[in-house]
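no FASTA, just this:
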């Protein structure tokens, strides 16, 4: 591509790895292969492929076809039968594996074996315990293990849970600011309707986790490992995934406001269901994600800026 190419709208065209049509189509004026139909400004033109940034876009309807001249001056459709079926196949995206949490009968915290100083203990061991309606603000449960536990309607402001392990557990309607879960492990966990701000999950491991509903401001997932995780029906304000590894992650009806993907590594990350997708940093790190045609249109200026393309009316 020339150093100063110009993006401009064009007629329907297609090229190898992506289809563009109407407003979802981006054509680059400059040296490129010849296409049938009207040319760009009387010259040859080409299409800017999404492989420039490594993003997969789900193809448009299979009714879109590229035509090419045939003998007798007639244009025909390219690809019929098996080859046509292959060209219209949507890219496969591996779905996230959701947790299947089935809690046993629980013992209220502070009863029986859990009766102690009345608060969390560092390196504590909680098995089949229910924390309900408690103010755990400022307490220290660093390194503790929570197995088959439920934390419901609890305050977690500045609660220290670094390096803690939550396994086969549920966190429901938790709230607080500055909760420290750095280097924690969340495996087979459901988080429902959280109201949190400034949660520290840097260096953490999240595997088979569903976060549904609620709102989390300034979620810090730097250098974390996020695998088989679903964010659904929630709002994430300025979440930080910088340096994180994401695999099989889905955003379903989730608003991503000012998300940071700087230095992130992603594989099978499905962004199509995001109700809002506002990327503050890391537009060049979207390799391994899948977006929708409408999201492509919204992100086109950012893609152009990243590749050094000048956009003109």
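Right, received. Where do you want to start? Remember, predicted model here, so these are calculated numbers, not experimental data.

low-confidence regions, the stretch 1-150 of the chain specifically.
For the stretch 1-150 of the chain, applying pLDDT under 70 flags the ranges 1-91, 111-117.

what's the burial count for the closest residue in space to residue 215 that isn't next to it in sequence?
Distance criterion Cβ to Cβ, 6 or more residues apart in numbering; nearest residue to residue 215, sequence neighbours excluded, is residue 235 at 4.3 Å. Bear in mind the C-beta positions are built from the backbone N, C-alpha and C, glycine included. Neighbour count of residue 235, defined by other Cβ atoms under 10 Å: 16.

same check, this time on the one 3 residues further on
Residue 238: 16 surrounding residues under other Cβ under 10 Å.

show me where the stretch 51-200 of the chain has helices.
With DSSP state H, counting those that start in this stretch as the criterion, the stretch 51-200 of the chain has helices at 82-87.

that older thread, what's near enough to touch the residue nearest to residue 215?
214-216, 254-255, 257 (Cβ atoms under 8 Å, 6 or more residues apart in numbering).

restricted to buried residues, select those in ChimeraX.
Buried residues among these (16 or more other Cβ atoms under 10 Å), as a ChimeraX selection:
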select :214,216,254,255
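
pick the one among the contacts of residue 235 closest to residue 313.
The shortest gap between residue 313 and any of those belongs to residue 257, at 28.4 Å (Cβ to Cβ).

returning to that earlier point: and the residue nearest to residue 215, bridged to which residues?
Residues in a beta bridge with residue 235, per DSSP bridges, are residue 215, residue 255.

next one: the one 5 residues further on
On the basis of DSSP bridges, residue 240 is bridged to residue 220, residue 260.

flag every buried residue along stretch 125-143.
Buried positions in stretch 125-143, judged by neighbour count with 16+ other Cβ under 10 Å: 126, 128-131, 134, 136-137, 139-143.

if you look at the residues you listed, which of them are in strands?
Per DSSP state E, strands hold the following members of those: 126, 129-131.

report the two of these separated the most.
Farthest pair in these, by Cβ to Cβ: 126 and 130, 9.7 Å.

between the two, what contacts are shared?
Shared contacts of residue 126 and residue 130 (Cβ under 8 Å, 6+ apart): 109, 149.

isn't residue 193 up against residue 212?
Yes - with contact defined as Cβ atoms under 8 Å, residue 193 reaches residue 212; the gap is 7.4 Å.

now tabulate the ones in strands among the buried residues of stretch 125-143 in JSON lines and tack on distance to residue 148.
Below are these laid out as JSON lines (distance: Cβ to Cβ, whole Å):
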{"residue": "126", "distance to residue 148": "9"}
{"residue": "129", "distance to residue 148": "8"}
{"residue": "130", "distance to residue 148": "10"}
{"residue": "131", "distance to residue 148": "13"}
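
from those, which single one is nearest residue 306?
After measuring those against residue 306 - Cβ to Cβ - the closest member comes out as residue 131, at 45.5 Å.

bridged to the closest one, which residues?
Beta-bridge partners for residue 131, by DSSP bridges, are residue 151.

residues in contact with it?
By Cβ under 8 Å, 6+ apart, the contact set of residue 131 is 109, 149-152, 154.

tabulate those residues (CSV), appending distance to residue 203.
Listed next are the contacts of residue 131 as CSV, based on distance: Cβ to Cβ, whole Å:
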residue, distance to residue 203
109, 27
149, 22
150, 25
151, 21
152, 27
154, 24
